[in-house]
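> Pasted the sequence and its predicted model underneath.
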Amino acid sequence: SAAAAVAGPATSDIGAQALGEALADVGLLSCFVGLVNLAPVFPLDGSRLLRALAWWLTGEEGRGTRTAGAAGRLIGVGMMGGGVLLAFTGDLVDGFFLGLLGWFVRRSSGAQARQEVLEGLIADATVGDAMERDLPVVPPQVTLDTFASVLSGPDPVSVVRVMAGGRLVGLVGRRELRRAGRSAWPRTQAALAMTPADLLPPVALGDTLGAALARLQASNVEG
């Protein structure tokens, strides 16, 4: 019983110590993640803070976005350079992964910055402002080769409307041509290759382009 009395507090102390060490490790990991999140790299919060600061200092939203994107790309290039240096010093594995991470950071920063610039450009534009009018019309039974040049010629349109009885039944674009394959165009009817109208998200002429693009992405249909 005396041995049990001694072992009880000792076991309790060991458990408390282990719990304390685990909590300390979690706290350090959380601090590390928080510091990483402050890096000026898209899409981390640090990049958005830098963008907001540059926007506030210059009064131009576009310059803020470009500044944040440039900072992210610069960090990515620096990481790639560090990876090359590590590789030359003999640490090939760490150098490779650091360079790969730098390449990813550079690409993601550039892509995110371009996306935000594009969103800013189309923020006030509507579907009616950007839509193509008088798109070509074909019946469902015609084969793809009969109108492929309209989509891939020197002055192409984005899509061709497939109409049956005065009603839109689908759209055929360059994506549908690629899916069918050039060799199958002469024997593939528009009705078989088209994206059905039922899958197209409804949009109005007054809808913003941003909202329309979001609906297209949600429906997994390319514009």
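It's in.
> how about the helices in this protein?
2-37, 45-58, 61-88, 92-121, 127-130, 148-152, 174-180, 190-193, 209-219 (DSSP state H).
> Mean pLDDT lowest where, among those helices?
If you rank the helices of the chain by mean pLDDT, helix 127-130 sits at the bottom with a mean of 55.
> distance of the nearest residue to Trp103 once chain neighbours are set aside from Leu92?
Distance criterion C-beta to C-beta, 6 or more residues apart in numbering; nearest residue to Trp103, sequence neighbours excluded, is Met80 at 5.9 Å. To be clear about C-beta, it is placed using only N, CA and C from the backbone, and glycine gets the same treatment. Separation of Met80 from Leu92 (C-beta to C-beta, to the nearest Å) stands at 15 Å.
> Those two - which one has more neighbours?
Higher neighbour count among Met80 and Leu92: Met80, with 20 against 12, using other C-beta atoms under 10 Å.
> In contact with the more buried one, which residues?
Under the criterion of C-beta atoms under 8 Å, 6 or more residues apart in numbering, the neighbours of Met80 are Leu98, Gly99, Gly102, Trp103, Arg106.
> and if we set it to 7 Å?
Each residue near Met80 by C-beta atoms under 7 Å, 6 or more residues apart in numbering is listed here: Gly99, Gly102, Trp103.
> Phi and psi next, for Gly165.
Dihedral pair for Gly165: phi 60, psi 40, per degrees, to the nearest 10.
> ok, it - how many residues close by?
Gly165 - counted by other C-beta under 10 Å - has 7 other residues nearby.
> Touching, Arg161 and Val137? I think so.
Yes - proximity of Arg161 to Val137 meets the contact threshold set by C-beta atoms under 7 Å, at 4.9 Å.
> okay, those two: which has more neighbours?
Between Arg161 and Val137, Arg161 has the larger neighbour count (other C-beta under 10 Å), namely 17 against 12.
> hey, what's the more buried one bridged with?
Going by DSSP bridges, Arg161 is paired in beta bridges with Val137, Leu171.
> Can you get me a residue count around the spatially closest residue to Thr89 that is not a sequence neighbour?
Excluding the flanking residues, the one nearest Thr89 by C-beta to C-beta, 6+ apart is Gly95, at 7.8 Å. As a burial measure, Gly95 scores 19 neighbours (other C-beta under 10 Å).
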